[in-house]
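[1] here is my input; please provide its structure:
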Amino acid sequence: MKSITRRDITDLAQDPGSACVSIYIPTHQKGKEVLQRQDRILLKNEVSKVEKGLVGRGFSGREADQILNPIKEKLDDVDFWHYQNKGLAIFLSKEFTKIYNLPIDVKPRHYVSSDFYLIPLLPLAGREDKFFVLGLSLGEVKLFEGNGQEIEEIYVKDLVPQQLEEVVGFDYREKFLGVHSGSGKQARGTFHGHGHWQSDQKDEILAFFRAVNKGVNSKIHDPKDPLILVCVDYLFPIYKKANTYKNLFEDHVSITPGQLNSTEIHNRAWELIGGHFDKEKNDKKELFRQFHDTERTSVDLNEIIPAAMSGKVDTLFLDRDAQVWGIYDPGAGKVNIQENHRVSNTSLTNLAAVLVFKNGGNVFLQDRSDLPADFADVNALYRY
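    Sure thing, here's the model as predicted:
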């Protein structure tokens, strides 16, 4: 899982020129859709529509082909279609081509304008449901990065000790552990009667966990993302004592991690963490309702876009299907809303969302009925 990063969004949000092409299509990993090459056909249709849009913006057929050729070459690339996920996002301009496999479903969409259409990516970049899982035993340590859809192991063996003995010495097994006579990972670090440990045993484990904690912290750079432990019960309080990560989740998945595959780890972790992510969103909704009809909130894009430009917007709730077209003049701070998409205008909803994201605010894509003020396309909660 190559995550969409904040840097990806920032790079795409720069002004790359007069023609920015964004294409989104749903894709499939298996099934009749793959056998019948339906994803390829869908992309080919979107590319044809984009070509007409570029010509409509004044580009010659040759110039349009120059922009689109990198993705046209993918249409008959068998290897390209064998490695798809749930969705595909493509960004083209004269200067570069960027292609992302997405872990989320997307609707077919093409967009030709002076900027890229990034709204579908925002929940993925520093996404609000991102979390980490630390699979912890005395014989093996694994770190995973996950979200609501999937999970992937992160390589940490260069930074994190894998066995307790690597930290406390290989004579520890004979000194303190009663180990089953079996061999391999299942036998390593298995206690008999761990309820009667001596303090020196706990100190050895604590030293191991402190080394693990140091390596984990060097891999996780955003303390906003929760870290969930998967471990047997008696290890959890010891790791909590060693932990310095600011967002260690208050509960853990109680099982030896080696007993679960990655899908099972994801399912068990999401059962634990899923409600946590809804809390922040619901808290922001409650604040919006509390300050509705005051200077702390707005549902007017004429006000919201200049506020987003200055970093004033804390949270933006956006109807995921809404589209408002128009022009924003940053010099004058004026918004001109127009009825339809034209060669000269842009998506104002996309502009607002990207500005809020770039300035560190929250962007929540919602069904219309879930917006705090569902009579408007966009709801903004201000920082001040």
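[2] show me where this protein has helices.
    In the chain, the segments counted as helices under DSSP state H are 6-13, 32-35, 38-56, 61-72, 78-82, 165-168, 172-176, 199-219, 236-242, 262-291, 301-309, 348-358.
[3] most neighbours per residue, which of those helices?
    Most buried of the helices of the chain by mean neighbour count (mean count of other CB atoms under 10 Å) is helix 348-358; its value is a mean of 24. Glycine gets a C-beta too; all of them are placed from N, C-alpha and C.
[4] domains in this structure, by residue range?
    For the chain, automatic domain parsing gives the domain ranges 6-121, 131-278, 292-382.
[5] hmm, back to that, how about the helices of the chain, which one is nearest Ala373?
    helix 262-291 (7.3 Å; CB to CB).
[6] looking at the helices of the chain, which one has the lowest mean pLDDT?
    Here the lowest mean pLDDT among these goes to helix 172-176, at a mean of 52.
[7] follow-up on the earlier one: same list (the helices of the chain) but as TSV, adding distance to His341.
    As requested, the helices of the chain are exported to TSV (distance: least, CB to CB, whole Å):
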stretch	distance to His341
helix 6-13	19
helix 32-35	29
helix 38-56	10
helix 61-72	18
helix 78-82	30
helix 165-168	60
helix 172-176	67
helix 199-219	43
helix 236-242	53
helix 262-291	29
helix 301-309	15
helix 348-358	11
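[8] what's the closest of those to Glu153?
    So among these, helix 262-291 is nearest, using CB to CB, at 6.6 Å.
[9] show me what the closest one is packed against.
    strand 131-136, strand 141-146, strand 151-154, strand 227-231, strand 248-254, strand 313-319, strand 362-366, strand 378-382 (3 or more CB pairs under 8 Å, 6 or more residues apart in numbering; DSSP states H and E).
[10] so how far is that helix off the chain centroid?
    14 Å (CA atoms, centre = their mean, to the nearest Å).
[11] ok, now stretch 292-299?
    Computed by CA atoms, centre = their mean, the chain-centroid distance of stretch 292-299 equals 29 Å.
[12] let me see the mean pLDDT of it.
    Here stretch 292-299 scores 96 as its mean pLDDT.
[13] got the end-to-end distance for that stretch?
    Taking CA to CA, to the nearest Å, stretch 292-299 runs 9 Å from one end to the other.
[14] closest to His28 out of the helices and strands packed on helix 262-291?
    Among those, strand 151-154 sits nearest to His28 (CB to CB), with 19.6 Å.
[15] ok, that closest one: who's next to it in the sheet?
    When sheet partners are counted by DSSP bridges, strand 151-154 sits next to strand 141-146 (antiparallel).
[16] beta partners of the residue lying closest to Val106 once chain neighbours are set aside?
    The shortest distance from Val106 to any non-neighbouring residue, by CB to CB, 6 or more residues apart in numbering, is to Gly87 (3.9 Å). Under DSSP bridges, the beta-bridge partners of Gly87 are Pro26, Leu102.
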